[in-house]
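# Need a 3D model of the sequence below.
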Amino acid sequence: MIYLICFCITFAMLIYVLSFEKKPSATFVLLLTIILVSNGGYYAIAASVDLDEAILATKVSYVAGIFGPMLIFLIVAHICKIHIPGFAKCIMHTVQGLLYMAVLTAGQLGVFYQSVEYNKGPHGAYLTKVYGPLHTVYLISMIFYMLATVVAAFYSLNKKSVVSRINVQIILLAMALIMSLYMVERIAHLQIELLPMGLILGLTIMITPLRKITDYSIDNIHSNIDDIIQKTGYIIFNQNLLFMGSNIYATDLFPELNEWELEEKIPGNGGRFNTFLRQPLMEYVKENDHENIEDSTFSYKGSTYRYQIGFLYSGRNRHIGYVIRVYDMTNIVRKTTG
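Just a heads-up that it's a prediction; the model follows:
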């Protein structure tokens, strides 16, 4: 019964992500899909009536164990702004695919399972297995990707202006839950699989940083036409005026942004932002007029810049913060006055 509940929860998560997320991560959708299929496999094992059915369901259930840790690593690398080259991804997928081919030999060859015995317990049917050499390779691959995910998260802690410390803490919590439940399952030799529950808990936790990355992504708010016609800077804050990110041109105009920590308050120690934009932003937030856009200019070192402050909305038109748009209009002013 517990596997059926896990299946329903994963299915609900998949429907939610596909229906309500503005730009769902393809990797996250793929991860949810394979976990959904895997949970179906676990349920089929428990409901099986003979050895052949149980082995077939086991082959289906392993899809999450084979591909899940790798996809989680790729998702975390994306959250932590770590670039994984295309050829590396190709190798990773190929290796895991070959490993899954070994899973498909269960019950026929002795490379993954040397022997399998069918049993019935209080939670349904289960298999007692004697593992083959390639099952050890499977465990090594799982441990490798879990450790790689943790290392990537810790590595990104030093990149506070690029990666949110809160997001990293959420990732580490998710990985701790998944690894802890899996270790309990392995050490205690339980008749029930804990990995499905661990993956669901981990994914539920990881949805939060993924949603924030999507909601506050510069790519979701800028206009390609604007960037062709003129250089435009974007600075984003959430509803609590915590800094959520900026693009390269904004950091050129306001170099102190490179030192700001994501999801932290605006530092009050000087800088061009505090000189030109902090007060207008505070006044705009205080007015709380969703129909109004603050539109004004400031001058710096002989150049004139125009800024616009407006509300930031998610894909469901939910107010999630504020965006400041800044661009150089010096040439426009000179042509007008000339």
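
# So for Ile324, what's the pLDDT?
On the pLDDT scale, Ile324 is placed at 93.

# What's opposite it in the beta bridge?
As for beta bridges, Ile324 partners with Ile235, Ile309 under DSSP bridges.

# from memory it sits against Ile235, does it?
Yes. With contact defined as C-beta atoms under 8 Å, Ile324 counts as touching Ile235 (4.4 Å). Backbone N, C-alpha and C define where each C-beta goes, glycine included.

# and for these two, which residues touch both?
Contact criterion C-beta atoms under 8 Å, 6 or more residues apart in numbering; residues shared by Ile324 and Ile235: Leu277.

# Compare these two (neighbour count), which wins?
Neighbours per residue (other C-beta atoms under 10 Å) separate Ile324 from Ile235, with Ile235 holding more: 27 against 23.

# For the more buried one, give me its contacts.
By C-beta under 8 Å, 6+ apart, the residues touching Ile235 are Phe243, Gly245, Ser246, Ala250, Phe254, Leu257, Phe273, Leu277, Val323, Ile324, Val326.

# same thing with Thr330?
With C-beta under 8 Å, 6+ apart as the criterion, the residues that contact Thr330 are Gly302, Ser303, Thr304, Tyr305.

# Which helix or strand contains the third one?
Secondary structure assignment for Thr304, by DSSP states H and E: strand 303-313.

# which of the residues in that strand are buried?
Tyr305, Arg306, Tyr307, Ile309, Gly310, Phe311, Leu312, Tyr313 (16 or more other C-beta atoms under 10 Å).

# for this structure, which residue is closest to the average position?
Centroid-nearest residue in the chain: Leu210, 3.8 Å away (criterion: C-alpha atoms, centre = their mean).

# Surely Ala250 touches Glu256?
No. Between Ala250 and Glu256 there is no contact under C-beta under 8 Å: 10.8 Å.

# Compare these two and say which is more crowded by neighbours.
Ala250 (22 against 15).

# quick one: Tyr118 from Thr58, how far?
Distance of Tyr118 to Thr58, computed by C-beta to C-beta, to the nearest Å: 11 Å.

# re earlier: now go through the contacts of Ile235 and say which are in strands.
Using DSSP state E, the subset of these located in strands is Phe243, Gly245, Ser246, Val323, Ile324, Val326.

# Show me which parts of stretch 22-36 are buried, residue by residue.
Across stretch 22-36, burial judged by 16+ other C-beta under 10 Å covers Pro24, Ser25, Thr27, Phe28, Leu31, Leu32, Thr33, Ile34, Ile35, Leu36.

# what does stretch 252-267 give?
Going by neighbour count (16+ other C-beta under 10 Å), the buried part of stretch 252-267 is Leu253, Phe254, Leu257, Trp260, Glu261, Leu262, Glu263, Ile266.

# mind putting these in a markdown table, pLDDT and distance to Val95 included?
Shown next, in a markdown table, are these (pLDDT from 0 to 100; distance: C-beta to C-beta, whole Å):
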| residue | pLDDT | distance to Val95 |
| --- | --- | --- |
| Leu253 | 91 | 45 |
| Phe254 | 92 | 44 |
| Leu257 | 91 | 40 |
| Trp260 | 91 | 39 |
| Glu261 | 89 | 37 |
| Leu262 | 89 | 34 |
| Glu263 | 89 | 36 |
| Ile266 | 91 | 46 |
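
# Export those residues to CSV and append columns for distance to Gly110.
Shown next, in CSV, are the buried residues of stretch 252-267 (distance: C-beta to C-beta, whole Å):
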residue, distance to Gly110
Leu253, 65
Phe254, 64
Leu257, 59
Trp260, 58
Glu261, 54
Leu262, 51
Glu263, 52
Ile266, 63
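
# Pick out the most distant pair among those residues.
Leu253 and Glu263 (21.7 Å; C-beta to C-beta).

# Where do the strands of the stretch 1-150 of the chain begin and end?
113-121, 124-131 (DSSP state E, counting those that start in this stretch).

# before we move on, could you check phi and psi at the residue nearest to Arg272 when sequence neighbours are not counted?
The shortest distance from Arg272 to any non-neighbouring residue, by C-beta to C-beta, 6 or more residues apart in numbering, is to Phe254 (4.9 Å). When read as degrees, to the nearest 10, the backbone of Phe254 gives phi -130, psi 80.
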